[in-house]
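A.B. asks: got a predicted structure here, sequence first:
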Amino acid sequence: MTAQDRWIHTPPRKSATFDDAAIAEIRRAAATGIYDIRGAGAKRKLPHFDDLLFLGASISRYPLEGYREKCATDVVIGARFAKRPIHLKIPITIAGMSFGSLSGAAKEALGRGASAVGTSTTTGDGGMTAEERGHSSLLVYQVLPSRYGMNPDDLRRADAIEVVVGQGAKPGGGGMLLGQKITERVAGMRRLPVGIDQRSACRHPDWTGPDDLEIKIQELREITDWQIPIYVKVGASRPYYDIALAVKSGADAIVLDGMQGGTAATQDVFIENVGLPTMCAIPPAVKALQDLGMHRKVQLIVSGGIRNGADVAKCLALGADAVSIGTAALIALGDNDPALEAEYQKLGTTAGAYDDWHEGRDPAGITTQDPVLAARLDPVVAGRKLANYLSVLTLEAQTIARACGKSHVHNLEPEDLVALTMESAAMARVPLAGTNWIPGNNI
Amino acid sequence: MPAVDLATSPLRELNGALHALSPDTNATHWTVTNPRGQHNIAVGLDAPVEIEVEGHVGYYCAGMNKQARVTVRGNAGQGLAENMMSGRVHVTGDASQAAGASGNGGLLVIDGNASARCGISMKGIDIVVKGSVGHLSAFMAQAGNLVVLGDAGEALGDSIYEARLYVRGSVASLGADCIEKPLRDEHKAELKRLLDEAGIDGVDVSEFKRYGSARTLYHFHIDNVGSY
């Protein structure tokens, strides 16, 4: 290149708009004619709990001694109407994930891990299996639009019911389970032909709107003789109104799932572009409960991107009663394990990025129905790993709560928090660190 | 014969008493009066008993029914016999939308008309409607039979799986992936059985047309995108 050329041609510069990922997706779409389907939740950078800090105690507040002064973690869910509310030892539950999207052994492992630490697991879009009922001391039974595997016997065998209106990865979207995972057993439970691509409805077949939902909840209560709690699960979209309407409809508890929450299979464009990040959905949800005088009476369970005890503590400080984990639980079982890197490479991906859960080729044997792959997961070992992880989450949340002088993790409050950025201050409705300024607080 | 007057007895007492019945109960025939459109009457039953409801009922009557035979002498609201597992539910009047939704088994007979989405997501239930059905009936219907002696509204059997639809009258339009199929002898025999079980005589089964899945949407293909 001559000196003259250097002035004629500027150095190569890639577009910030048409970056490598955008260009690759255009090429992929042009080659295949189908949108990208994948599992997991939003991968884009979102305002999240990392943008919040606890203040801890000092002279104006005094802390509790670690290990010697009690910091309780128990939570009761469903005392509003249910004769048998759920008593959890820790404020962390396992989110709904279907048998079908997960192997039977994975569901068993989730049950083993959760039961070991006194918390609940949740069924999914496909019904209740013997593995999960048998190994889950507390099992929440989901009532979904598809009603796959829905039957009154399982309803009565459950410890709670969760009416699923939506989920954070796809508020307003239906379910999807592609043919590779519709094995004979999965198809039998769902009453579908083997091997087809299953498309679940996005709305319930027999109710629409809050007035209908109220009657539906009453039906479920009548069928179960008002014994067990009924949750309503919503994807985070308009949390203030959705939570208020769920309360009005008679829910005992509400699960609020942010857009970092995972899914077994959904369009990437949906996952990345619809819904609210978890952090900013909590304050309006809590406000709705407070405005109705139902905060702590109707429990709020928050999910979507919970990774560590700090995330748990931040959710509770913002007003949640408990959290729920899905993706993190799968990682604890062994999903995306770097030890399997060679196999991830064969699938064209890498450990930590594998999200083609819908293809049923999971080297970890978790998101698959392939018997050879599924046999790789030892449910006892994996269950122990999950129990360990849940214990760590709890210990971490307790550590933070004690540092803030709280004898129960539920005593954490927004006053314990500050935000590192203006956007997180506005979204979480806590002051920007070092100030008493909450942007938009008067709006 | 137990008689429950819902004008004076709470619904909870009725459903609670019905749930407490043992399989060998002697209280096998119940009469319910003054339902006055209440929702969730006789839901979640699991005993071989007969329930006669004298009047109109609201949403979800006989929801998730197992074994029981429930007769409603009147009209029924939304979600009649939703997710029924077995038994028989009979309504002498009309039924609102989503009758028999996601039903797994048993027989639902509607003497009058059924509104929209009759048999939506049905999973093995048999439904016989003496009148007509509304739009999007048998939407995503997976298994079972829907028999309509009258007409069917728009988008019948949209996104249907393996359910069988029999309509004697006109069909306003078929939904995505739903097509007319030949009515062979085996289907005529099945129709005859269903009509007999529904207590319907004097109908020539050859007057019906059969509809079912073209199975073109079972595996996603970009060329079918217009059907989604």
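C.D. replies: Great, that's in hand.
A.B. asks: OK, contacts around the closest residue to residue A:434 other than its chain neighbours?
C.D. replies: What sits nearest to residue A:434 in space, not counting adjacent residues and going by C-beta to C-beta, 6 or more residues apart in numbering or on different chains, is residue A:418, at 7.5 Å. C-betas here are computed from N, CA, C, even on glycine. Contacts of residue A:418 were listed using C-beta atoms under 8 Å, 6 or more residues apart in numbering or on different chains, and they are A:52, A:53, A:55, A:425, A:430, A:431, A:432, A:433, A:434.
A.B. asks: if I've got this straight, the second one is in a strand?
C.D. replies: Yes: when classified by DSSP: H, G, I helix; E, B strand; the rest coil, residue A:53 is found to be part of a strand.
A.B. asks: just checking, residue A:274 touches residue A:172?
C.D. replies: Yes: Residue A:274 is in contact with residue A:172 according to C-beta atoms under 8 Å; the separation is 6.7 Å.
A.B. asks: neighbour count winner among the two?
C.D. replies: A direct count of neighbours by other C-beta atoms under 10 Å in any protein chain shown for residue A:274 and residue A:172 places residue A:274 higher, at 21 against 14.
A.B. asks: so, low pLDDT: which residues of the chain?
C.D. replies: No chain specified, so I'll use chain A. Residues of chain A meeting the criterion pLDDT under 70: A:1, A:3-6, A:442-443.
A.B. asks: sorry, I should have been clearer: chain B.
C.D. replies: Short version for chain B, where the test is pLDDT under 70: B:225-228.
A.B. asks: just the helices in it please.
C.D. replies: B:11-19, B:185-197 (DSSP state H).
A.B. asks: turn the ones you listed into CSV, columns for mean neighbour count.
C.D. replies: Formatted as CSV, the helices of chain B follow (neighbours: other C-beta atoms under 10 Å in any protein chain shown):
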stretch, mean neighbour count
helix B:11-19, 18
helix B:185-197, 15
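A.B. asks: got a markdown table for the contacts of residue A:418, with neighbour count too?
C.D. replies: Below are the contacts of residue A:418 laid out as a markdown table (neighbours: other C-beta under 10 Å):
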| residue | neighbour count |
| --- | --- |
| A:52 | 27 |
| A:53 | 17 |
| A:55 | 16 |
| A:425 | 24 |
| A:430 | 25 |
| A:431 | 19 |
| A:432 | 18 |
| A:433 | 17 |
| A:434 | 8 |
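A.B. asks: ok, the residues you listed vs chain B, which is closest?
C.D. replies: Taking C-beta to the nearest C-beta as the measure, chain B sits nearest to residue A:52 out of the contacts of residue A:418, at 41.0 Å.
A.B. asks: what residues are up against that closest one?
C.D. replies: A:279, A:314, A:417, A:418, A:419, A:420, A:424, A:428, A:430.
A.B. asks: at 6 Å instead, please
C.D. replies: A:314, A:417, A:419, A:428 (C-beta atoms under 6 Å, 6 or more residues apart in numbering or on different chains).
A.B. asks: in CSV, list the C-alpha atoms belonging to the strand or helix carrying the first one.
C.D. replies: This points to residue A:314. Applying DSSP states H and E as the criterion places residue A:314 in helix A:309-317. Extracted C-alpha coordinates of helix A:309-317, given in CSV (Å, rounded to 0.1, in the frame of the first residue of the first chain):
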residue,chain,number,x,y,z
GLY,A,309,-27.1,-15.4,47.1
ALA,A,310,-26.6,-11.7,46.5
ASP,A,311,-29.2,-11.9,43.7
VAL,A,312,-31.5,-13.7,46.1
ALA,A,313,-31.0,-11.1,48.8
LYS,A,314,-31.5,-8.2,46.4
CYS,A,315,-34.9,-9.7,45.2
LEU,A,316,-36.0,-10.1,48.8
ALA,A,317,-34.8,-6.6,49.7
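A.B. asks: pretty sure residue A:246 contacts residue A:231?
C.D. replies: No: when contacts are counted by C-beta atoms under 6 Å, residue A:246 is not listed as touching residue A:231 (9.0 Å).
A.B. asks: please say which of those two ends up with more neighbours.
C.D. replies: residue A:246 (31 against 26).
A.B. asks: just read off the phi/psi values of the more buried one.
C.D. replies: Note on residue A:246: backbone dihedrals following degrees, to the nearest 10 are phi -70, psi -40.
A.B. asks: repeat that for residue A:139.
C.D. replies: According to degrees, to the nearest 10, residue A:139 has phi -130, psi 130.
A.B. asks: so what's it bridging to?
C.D. replies: Beta-bridge pairing of residue A:139 under DSSP bridges involves residue A:121.
A.B. asks: what's the local residue count around it?
C.D. replies: Count around residue A:139 with other C-beta under 10 Å applied: 24.
A.B. asks: now do it against residue A:350, distance only.
C.D. replies: As judged by C-beta to C-beta, to the nearest Å, residue A:139 and residue A:350 stand 35 Å apart.
A.B. asks: show me where the stretch 101-250 of chain A has its strands.
C.D. replies: A:121-122, A:139-143, A:160-164, A:176-177, A:198-199, A:230-235 (DSSP state E, counting those that start in this stretch).
A.B. asks: check chain B too.
C.D. replies: B:3-5, B:29-33, B:50-54, B:69-73, B:88-91, B:107-110, B:123-129, B:143-148, B:164-167, B:178-181, B:209-213 (DSSP state E).
A.B. asks: of those strands, which is nearest residue A:195?
C.D. replies: strand B:209-213 (14.6 Å; C-beta to C-beta).
A.B. asks: just the angle between the closest one and strand B:143-148, please?
C.D. replies: 150 degrees (axes from the mean of the first three to the mean of the last three C-alpha atoms, to 10 degrees).
A.B. asks: quick revisit: so can I have JSON lines of the helices of chain B showing distance to chain A?
C.D. replies: Supplementary listing: the helices of chain B in JSON lines, determined by distance: least, C-beta to the nearest C-beta, whole Å:
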{"stretch": "helix B:11-19", "distance to chain A": "5"}
{"stretch": "helix B:185-197", "distance to chain A": "18"}
